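S.K.: Next input, structure requested:
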Amino acid sequence: MATLEPEDALCLSEAKLLCDTISILAESPVWDERRQVLFWCDILGNAVRSASIGSGISRHWQLPDTVSSLGLCENGDLVVACGMDIIILNPEDGSTHQLHSIPKPDNVPYRLNDGRVGPDGAFWVGTMHHVPLPEMQPIGELWRVTARSAERVQTGLTCPNGLAFSQDGSVMWQSDSVQKWIRRRNFDKTTGTFDDGVLVAHMQEETGRPDGGCIDTSGRYWSAGVSAGVLNIFAEDGSGQIATVKMPVPRPTMPCFGGPDFCSLLVTSHRHNMSEDQLSRAPLSGGVWLIPSSAEGFPAPRFDSNA
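M.R.: Residues are numbered from 1 along each chain as shown. Just a heads-up that it's a prediction; the model follows:
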């Protein structure tokens, strides 16, 4: 495996916080090229947040439950995973309405987790056992959500994560943060179906438990190694890991490309369950990092909340 030097992938010497907002558990960054802002979630702060590059001005929308992931809608709204509900949030006036409620096992703490709008226009979102990581059971699922329906498409997951789709919509990457695998699957954007794909990697705590991920225009998959403070980069064809890049924060949760030319990497992070000593050494944990990149991203697909 090649280890990229910072100048080959990211200009880490110019890494800085997007804004001064610090979240408990920041996740699911999505760049809105129309507004030129980044939206992201503070899962345990029950909030959707946003900020633009350069201004340092941030906003937030408080919601009634955990806010685990989000996506952009065609009409400018956001589709948001809140608790076990899929809601539509209008960021202009803060109004919300429920689209679907995802069923959960009886008497089990449970919540939605990682989610992303796919090239088929649906919101793909996972569910998970909402207990400490070592206690989680493989009762998680993957759901495909449209404005009209919510369909269970996969079971047997523990902590579904890392969803990302290629620019042409033909490939879906996926991970499980507890089972620690990363898979590359062929995706049919016409039918919204995927195959078994290939197992690309089985990670360890030391190499980076896989959290959120994104894909660049070359098809490479960037996975947040949340336990090791790194981004792990995998070849477009799923042949293996090609690089690892150390992050300026010990708990990176998910990367995405953004900025006017999609040549900035924006990386969320968390401070949940970090000790006082750990926080004293990394006080900016929970922030969103902005890092100039030699790789490029592309606009995220959008959800049609009226379809």
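
S.K.: Any stretches of the chain with poor pLDDT?
M.R.: For the chain, the stretches with pLDDT under 70 are 1-8, 307.

S.K.: Give me the most central residue, it.
M.R.: Central residue of the chain (Cα atoms, centre = their mean): residue 28, 3.6 Å from the mean position.

S.K.: Now name the helix or strand holding it.
M.R.: Assigned by DSSP states H and E, residue 28 belongs to strand 26-32.

S.K.: List the buried residues in whichever helix or strand comes after that strand.
M.R.: Moving toward the C-terminus from strand 26-32, the next helix or strand (DSSP H and E) is strand 37-42. Residues of strand 37-42 classed as buried: 37, 38, 39, 40, 41, 42 (neighbour count, 16 or more other Cβ atoms under 10 Å). Heads up, the C-betas are built off the backbone N, CA and C, glycines and all.

S.K.: Stretch 66-75 too?
M.R.: Using 16+ other Cβ under 10 Å as the test for burial, stretch 66-75 gives 66, 67, 68, 69, 70, 71, 72, 73.

S.K.: who's the residue lying closest to the second one once chain neighbours are set aside bridged to?
M.R.: Spelled out, that is residue 67. Counting by Cβ to Cβ, 6 or more residues apart in numbering, residue 67 lies nearest to residue 41, which is 4.5 Å off, once chain neighbours are set aside. Beta bridges link residue 41 to residue 27, residue 48 when assigned by DSSP bridges.

S.K.: With adjacent residues omitted, what lies nearest to residue 297?
M.R.: Nearest non-adjacent residue to residue 297 (Cβ to Cβ, 6+ apart): residue 257, at 2.1 Å.

S.K.: ok, residue 238 touching residue 185?
M.R.: No. Contact criterion Cβ atoms under 8 Å: residue 238 and residue 185 do not qualify, at 9.1 Å.

S.K.: Please enumerate the shared neighbours of these two.
M.R.: Common neighbours of residue 238 and residue 185 (criterion: Cβ atoms under 8 Å, 6 or more residues apart in numbering): residue 197.

S.K.: Which parts of the stretch 151-300 of the chain are strands?
M.R.: Along the stretch 151-300 of the chain, the segments classed as strands by DSSP state E, counting those that start in this stretch run 160-165, 171-176, 181-188, 193-194, 198-202, 210-215, 221-225, 230-234, 241-246, 252-258, 264-269, 289-292.

S.K.: Counting by contacts, list what the shortest one packs against.
M.R.: Think strand 193-194. For strand 193-194, the packing partners by 3 or more Cβ pairs under 8 Å, 6 or more residues apart in numbering; DSSP states H and E come out as strand 181-188.

S.K.: please redo it, this time with the cut-off set to 10 Å
M.R.: Applying 3 or more Cβ pairs under 10 Å, 6 or more residues apart in numbering; DSSP states H and E, we find strand 193-194 packed against strand 140-145, strand 150-157, strand 171-176, strand 181-188.

S.K.: go on, the fifth one?
M.R.: For strand 198-202, the packing partners by 3+ Cβ pairs under 10 Å, 6+ apart come out as strand 171-176, strand 181-188, strand 221-225, strand 230-234.

S.K.: How many residues are close by residue 55?
M.R.: As a burial measure, residue 55 scores 11 neighbours (other Cβ atoms under 10 Å).

S.K.: That one against residue 37, yeah?
M.R.: Yes. Between residue 55 and residue 37 there is a contact under Cβ atoms under 10 Å: 9.2 Å.

S.K.: so what's in contact with these two at the same time?
M.R.: Taking Cβ atoms under 10 Å, 6 or more residues apart in numbering as the criterion, residue 55 and residue 37 both touch residue 18.

S.K.: How much space separates residue 77 from residue 303?
M.R.: 8 Å (Cβ to Cβ, to the nearest Å).

S.K.: Those two: which has the busier surroundings?
M.R.: Using other Cβ under 10 Å, the more surrounded residue of residue 77 and residue 303 is residue 303, with 28 against 22.

S.K.: what's across from the more buried one in the sheet?
M.R.: Beta-bridge pairing of residue 303 under DSSP bridges involves residue 73.
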